[in-house]
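# Can you look at this prediction? I've put the sequence above it.
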Amino acid sequence: MRSHTHQSRAGADVEMAHFWQEGGGKRMIEELFADFRSRNPGVEVTEQANTIDDHGMLIKSQILQESPPPVFVEWPGQNMIPYRDAGAVRDVTDLWEDNDWA
């Protein structure tokens with residue numbers, strides 16, 4: 001996942017593309033956003049909710065246009081290789097190690 005925030009008149013904004021529109025996934029993303037908003041008052045969260053069928057193609061199209069969403073959901077492992085190769089994501093192991101998050 002690649003994270004990026006940008007400044008606006010109201011403060012920092014976060015955009016996230018995902019495919020959780022129903023069931024347990026929808027409840028999880030709603031809880032994630034609610035928790036984020038409670039910890040970050042004044043930060044606007046914008047969702048780009050896609051169908052699971054459209055999500056991958058939309059993200060890949062945005063990356064090819066050099067305009068990927070700042071934060072997006074993707075299955076881990078081999079699915080991330082095209083994003084890494086395109087320079088849209090990077091290994092954050094050093095971030096985890098530097099902050100003792102393991």
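Received the coordinates, thanks.

# hey, let's count contacts and neighbours off CA atoms from now on
Fine.

# Contacts only, for Ala102.
Trp96 (C-alpha atoms under 8 Å, 6 or more residues apart in numbering).

# need the helices for this structure, in chain order.
With helices called from DSSP state H, the chain shows them at 23-39, 52-64, 81-85, 93-98.

# what comes up buried for the longest one?
Within helix 23-39, the residues that qualify as buried are Ile29, counting by 16 or more other C-alpha atoms under 10 Å.

# who touches that helix?
20, 43-45.

# In this protein, what helix or strand scores lowest on average pLDDT?
strand 6-8 (a mean of 39; mean pLDDT, DSSP states H and E).

# re the thing from before, quick one: the helices of the chain as JSON lines, columns for distance to Met16 and mean pLDDT too.
Output for these, formatted as JSON lines (distance: least, C-alpha to C-alpha, whole Å; pLDDT from 0 to 100):
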{"stretch": "helix 23-39", "distance to Met16": "10", "mean pLDDT": "91"}
{"stretch": "helix 52-64", "distance to Met16": "11", "mean pLDDT": "87"}
{"stretch": "helix 81-85", "distance to Met16": "16", "mean pLDDT": "85"}
{"stretch": "helix 93-98", "distance to Met16": "21", "mean pLDDT": "91"}
